[in-house]
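Participant: Kindly generate the corresponding structure for this input.
(chains A, B, C and D)
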Amino acid sequence: MIRVLLINFVQAALLVVIAPLVAGIIKKTKARLQMRRGPSFFQPYLDLYKYGQKESVVSEHTSWIFKSAPYIYFAALLVAALLVPVISSVGKLNFSGDIILFIYLLALGRFFLALAGLDAGSAFGGMASSREMAIAAVAEPAALLPLFTLAIATGTTNLTAIVFKNAMSGLVLLKPAYLLSFIALFIVTIAETGRIPVDNPDTHLELTMMHEGMLLEYSGKPLAVLTMGADLKQLLLFTLIANLFFPWGIAIGFGVGQIVVGLVAYLLKVCAIGIIIACIESLFAKMRLFKVPDLLLGSFFLGLLGLIAKFIF
Amino acid sequence: MVALNEYLFFGCEGLLLLGGLLSFVLQTKAKLSMVIAFAAASIACLGGLGLGLNVLLAGNNLNLTLPWSLASSAITFTVGPLEAFFITVSALVCFAVSIYSVGYVQSYIGKHNVGVLGLLYCLFIFAIIGLIASGSAVLFLFLWELMSIVSYLLVVYHHRDSQVRQAGFTYVVMTHIGTMFIVLAFLLMYVYAGSFSFAGYILVGRSMPAAVKNIIFLLVAIGFGTKAGIIPLHVWLPKAHPAAPSNVSAIMSGVMIKTAIFGLIKFIFVILGNGPAWWGILLLVIGSASALLGVLYSLMETDIKRFLAYCSVENMGVILLGMGAAMVLARNGFVALAAVALMASMFHVLNHAIFKGLLFLGAGSVNFATGTRNIEKMGGLLRRMPWTGLFFLVASVSIAALPPFNGFISEWLTFQSLLALGASGGNLFLEVLGPLAGAGLALTSALSAAGFVRAFGIQFLALPRSSGAKNAKEVPISMRIGMGILAALCPLLGVVPFIIIKLLAPVTAVLLGVHTAPVLGNYFRLSIPSGVGQHTALSALLVPSLLGMAGLVAYLVVKYIGKGGSVRYAETWNCGTTLTPRMEYTGTAFAKPLRMIFRQIFLPEREVKTEYTVEPYFKAEMSYEGKIKPVFEDVLYRPVTRLFVVVANKIRVLQSGSIHLYLLYMFATLVLLLIFAR
Amino acid sequence: MSSSELSNLLITLTLASSFLIIIGRRLDSVIKAAVVQGIVLAIFTAVRGWSTGMHEMYVAAVLTLLVKAGLIPYILNRVARLVDTGWGIKSYVNTKMSLVICVALVIVAYSVTGDMLASGSAVFARALPAALAMMLIGLFIMTTRKRAITQVVGLLVIENGVFMAGVGATNGMPAVIELGVFLDALAGVFIMAILAFRIKRAFATINTENLRSLRG
Amino acid sequence: MMPFFLLGLPLVTAFLCIFATKQKTLSVINVLGGIAIGVTAVLLDWHVFTKGTLVELDKFIYIDALGAYIIGLIAFVGLAAGLYSLGYFAHELEAGELAEARLKWYYVLFYVFVFTMLAVVVVNNLGIMWVAIEATTLSSALLVGYFDTKASLEAAWKYIIICTVGIVFALFGTLLLYFAAVHVLGEGSKALDWSTLLQVASKLNPKLVKLAFIFILVGYGTKVGLAPMHTWLPDAHSQAPSPVSALLSGVLLNCALYGILRVHLVVTQTVGPGFTNALLIIFGMFSVAIALPFILAQHDIKRLLAYSSIEHMGIITVAVGIGGKLALYGALLHMLNHAITKSALFFSAGNATQHYRTKKIAKIKGLIKAMPVTGPALLLGAFAIAGVPPFNIFISEFTIFSAGFAQGKYFVTGLLLVLVTLVFAGIMYAVAKMAFGSPPGRVAVGETNKWSAVMVVIPLCLALLLGVYTPPVIGNVIYQVATMMGGR
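Facilitator: Now for the predicted structure:
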């Protein structure tokens, strides 16, 4: 029990530690693809450090929501991080929770972030909150449907159990149901992490922003928390995809060797996903806001096809 | 203990009657009248609560018969576990609302007749608790109609407003038509049972011909569905709930429409003993549609109470989802899973009663303080009304089904039961329908989260948009206590949901023969049995503790790392100009992306008018008008109403005033009768 | 001529007199036709009294003569004169059509009741269809004729029909009842007359076509 | 001796009224007369229901349970209407709508009217009953036209013409019945006594009896207000003074229905229940169906109530047609309930129309503000008449529905239920329009007078009482009547 908890905490800590790194890798890759040198892999850590040194300016119109939102946001993601198997799938963490809780924890964070966006009264924040909630609403069923397919295939919604089962059964991705579900979930991940072609994470410009707009009023330490949270969320989703659909190499016990293999495999998988995302960002232009639901609808139908495929094949 | 139950029941109902009548008699002394009514109501509700809990926990059913009869049918009251649960829910919410009302109704003194309000209010609760406890169909119907009529009178309490009258009319007619279907079902049952007592119904319910059962099912589904406000029978709900005084809206939305769920469960599970799979599938489909359309329409409302009313439509849909899943699962032999689904449904009944009651009370408080229900005129209320704001936030988070609040637990259970439907190995249709309904539920709750970000954010955050909002003051203490009780329950039930699961154990035992408590885990975790052997679990206790810890850790880490962290207060950055409330994002604007995304459903119409002083550069005035097409009214209700009116007017020509014509009728009747009826 | 043949003749005559009312073109001729019918009916009653040997039938005959051929036409005439709206008959259906319809009504009446009384009193078997026919014709008159007075005449025809059936029944109705019926008919016409006066006062006409303000 | 008192008292009262001139004197006579009639009726009913059928004058007068029941109704509504008249006409006199000298004629006619209705029920002979029913038309026609306005005269004219025509048909039917009976019983007035007819019913000529029933149904049906012979009813009920409307709706219709019932009982014995029941159901349903559109789109409050009477007479007729003890019980209970509730409604509508000086629904607004007693009473009365608990009509309607289902008449009963539900919508639409909102500025706030307000509340309280509790006395009485009527 204690060991299980410990493993969980270690895994979560690992996620928190490497989350900015993954963001850095994506930035670097993008820069390289655009023939720039780009910032260092570790620039996100430096940014966070910098925010930590600054005073923060708080709007006088705000309420306690504004101040507490970063911590609620981060806490929700941290708890979500505790649910996701990273390098080891062992330990039936029955008590902790499942994919539904995972998705809803993300929703909890988003809820307060969106409120915080409205709190300062600026039109930018309101617009961002509004768009974020709208896109998230469409993304949520598209995210859950592929996960349901997995859950039905394995007979449980518990993440650890799903990953464990999939890891045991080998090349699961080759089934059409899984393939379709994977593609569906991948599209959702792009939307959820605020990446091109859904959102542009590099700009505060009015016409493109969603996530960044909500952070507009933040500065100093709270901004650091929020940025860290966003990175963590991105990594969480990558981890989810990686371990659900490619559980290869994940540790099935507590052996040192297994864990080392698992760690390496995990890092490789996550980096690979990061690089793929960077490629996609470089290849596509940002979509118009109201084209995004069409994309997500497409992903939803892929997920539905996956579900049907699960029962047919 | 049986005697105790009787005392509690009579005490509760008697006190309500007495309090109502006294309040009416003393209507000239408004303050006294008000205090009597609501004090009586709250004490009575405590009694009701005691009765419900006593039956659920101690397992002593209440059975009593009054010494006279109604339409030749004995007046009996029976309270078993199912009834006790619904009485508990009703009494709980009504208790909080009654306390709240003491403060809320103060603003009516001198303006409205408080004695009448007190009478109707008490009668309303009287009817609700009575009908749940009633042991015969006649009595049920009697109290059901009483409840409808009293609530109608409450809806039209502010009858000088023509919209209120309109709303009241729609409500009373639709609810009456719904009742008609229930009556038909009762009468059909009577044909087989030979009496109107529910006990008699239960005796024959399972052995009736399948066709009759199907008809009865459809009748009750339509009849109770109207009251529950499921789509497409919902149109009265968003009109009537906002029209009533807010404390009454809270009871209507929180409690009254649950009586319809009670009726459905009673009929389907207790009396008819479930039926073919399509019953459940029908409820699943209707439930999904209600949930989705309900939440979508709610997003387009700027009247906070109309918004909440549409949300009720949504939540009724969610409740039906659980029920439908339970029916299908039970039918296919997965009784333990059916128990989970039914539990999800009933848990959501309780949750919705709590947070929707709270939300309406919150809306009432805001209305009390600002004098408006239009969210576009509010803003900045969290700083002016911190308690109300907090309570509203708690309710919003709960209804958006976010952990660690109670709404999440019931939706989680619903998700699980829908997934169980997918894994239960029926046919392909069911297997896909279950997860698909789950996806629909996900969409619903995400949309509802968006809706409540909007509702809370626009109302309580940023700058006030009107002088009413600017000068708002926190509401009186009694109103805060009333809201506080409900608000405290939201996290409590979210953290230790097993309390409720334990309470519900006898209910599922009666309905499905399954003891839910062992099936569904313990205080530490909830677990779902599944066919595969893996247990899916959720530790409702752990999640909030982890959340709290994580938040605390994050806070501490951030606080002590780095030398920054000092805080400076300044104006919101607004591109260099001063921020005025007019620049804030409005509720309409907030919903715009969704209006665009779902335009095939909303069919929005917009009209922008611009007047120029010098074309095309200097605009004198610009006005924007946007509305969505009320599809159900336009496609379903208005044509039918119009048809009735047109036909009625056509037929009215028969009475043209000509005596010759009248004589002709007689002449024709006579000749026809002579020829045909000889 | 036997009493039953005589009765048959009188029955036919009474029925025929209703056609007189239909073809009447002026108010006074219609009232006169009603008088004729009253007289024939009175004779019929007397004949029945003679053939059955019931003396109270003579009383009924006299009463019929007085009321139906005397008092009521008198009142109607008075009303017609007092309200003075001309003597023309106004009808929704012209005379020819009226006749066709009335013949059809007679056929209906006979076909409905013709086979009803194979046994039983011969007179009643004859009187019943004729009475029914008269009732239908009377109702037809009331339905189609516009003037209030002609409507009262139609009512009179109906009542005559009923009366004829009553007299045609084996020994007539019990005397008490017949007396009551008479009084009622008289009172009815009286009250109608009163109302007609008042209507005339209020509306300046007794063309019942104009009484159409109450509708819906 | 009691029947003679019962018949004599109204006549004496009417006679006394002729000589009174002052309003006060008239009121005193009216109150005393009404109470005396009421007491006599109660005593008589007591006698009938405890000791059995009351027979006088060699069976000329024959009061069984059914008769006694209707007598009770007449006395009750008569007393209520009489009492209500006091306030009603006091206001009319105040408002100068009426000369004091004419007032006495109202009371004279009123009591003559009551007398004729009582006579209908008391006598044994169908012929005399016919005379009495015709007499009710004549006496009430003058009451309908009492205000001497254009509209009321028109209504009275139509009333008397149509009802007279109808009633003549009934006479013909009675005659046929007599003729059929003569063959079995021989000559003499006994052949028309229904008590005798019932005993020999099975020996009568069925064809003749059927024909008789058709005529009687059309004839008395006109008086009952069965569609399509109902056309006079909305006119007459809406134009009569409100207390008279209550009397017309509450009991006159029942008296006429009583006539049909008597014959129905005989005919069922002769030709079996199928024929009459089918006809009664058809006419009853048609009445309800025809009343519906007129209720849905009605502009005149009193016409609305009149159409509602047509609807309820239809319901009672259907219930009788359904047959069986339970249905008859429901039908009889419904007569009582309808009489009580309709009185309350006509009284409150009377107050409202007097106060607002209009019968137009659209012009009566904010009634519960303008008239703190009448307004709520009208609203609650509307609920009651629409068949909503906790009022009495719900009980009887529900009884009828359950009887219908128990008898297997699903379609008819179901349709009836649907129609009744739709009628509810119409009534609510109209009444909500009047009761709610703000009263127009020209209308003063307050009741016309206390007495009128009290008279509205009393029947309403009774309606409420009977809605939650059927006193054993009434239950037993109705049960007795239903049993007597051959409920199987």
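
Participant: Tell me how far residue D:97 lies from residue D:358.
Facilitator: To residue D:358, residue D:97 is 13 Å away according to CB to CB, to the nearest Å. For glycine as for every other residue, the C-beta is placed from the backbone atoms N, C-alpha and C.

Participant: near chain A, which residues of the stretch 251-400 of chain B show up?
Facilitator: The stretch 251-400 of chain B comes close to chain A at residues B:379, B:380, B:382, B:383, B:389, B:393, B:397, B:400, as judged by CB under 8 Å from any CB of the partner chain.

Participant: one step back: shared neighbours of residue D:97 and residue D:358, which are they?
Facilitator: When CB atoms under 8 Å, 6 or more residues apart in numbering or on different chains defines a contact, no residue borders residue D:97 and residue D:358 alike.

Participant: Apart from its chain neighbours, what residue comes closest to whichever residue of the stretch 101-250 of chain B sits closest to chain A?
Facilitator: For the stretch 101-250 of chain B and chain A, the shortest gap (CB to the nearest CB) falls at residue B:231, measuring 18.7 Å. Nearest residue to residue B:231 in three dimensions, chain neighbours excluded: residue B:290, at 4.4 Å (CB to CB, 6 or more residues apart in numbering or on different chains).

Participant: just residue C:88 next, same as before
Facilitator: Excluding the flanking residues, the one nearest residue C:88 by CB to CB, 6+ apart is residue C:26, at 6.8 Å.

Participant: could you pull out the helices for the chain?
Facilitator: I went with chain A, as the question did not name one. Along chain A, the segments classed as helices by DSSP state H run A:2-33, A:43-53, A:64-83, A:99-119, A:123-154, A:159-168, A:176-192, A:211-214, A:220-245, A:256-283, A:292-312.

Participant: ah, no, chain C please
Facilitator: Under DSSP H, chain C gives helices at C:3-23, C:27-52, C:56-66, C:72-83, C:95-113, C:122-144, C:148-168, C:175-203.

Participant: Which of these sits closest to residue A:187?
Facilitator: helix C:122-144 (79.5 Å; CB to CB).

Participant: What residues does residue D:16 make contact with?
Facilitator: By CB under 8 Å, 6+ apart, the neighbours of residue D:16 are D:29, D:33.

Participant: Kindly confirm my reading that it is in a strand.
Facilitator: No: using DSSP: H, G, I helix; E, B strand; the rest coil, the secondary structure at residue D:16 is helix, not a strand.

Participant: ok, it to chain C distance?
Facilitator: 22 Å (CB to the nearest CB, to the nearest Å).

Participant: can you tell me how far the closest residue to chain A within chain C sits from residue D:367?
Facilitator: In chain C, the residue that lies nearest chain A is residue C:216 (52.8 Å; CB to the nearest CB). Using CB to CB, residue C:216 is found at 22 Å from residue D:367.

Participant: repeat for residue B:540
Facilitator: For residue B:540, the distance to residue D:367 (CB to CB) stands at 55 Å.

Participant: now do residue D:233
Facilitator: Per CB to CB, residue D:233 is found 25 Å from residue D:367.

Participant: Have a look at the two and say which one is more surrounded.
Facilitator: Between residue D:233 and residue D:367, counted using other CB atoms under 10 Å in any protein chain shown, the more crowded position is residue D:233 (32 against 28).

Participant: Can you give me the neighbour number for the residue nearest to the more buried one when sequence neighbours are not counted?
Facilitator: Distances taken as CB to CB, 6+ apart place residue D:225 nearest to residue D:233, at 4.3 Å, with adjacent residues excluded. Using other CB under 10 Å as the criterion, residue D:225 is surrounded by 31 other residues.
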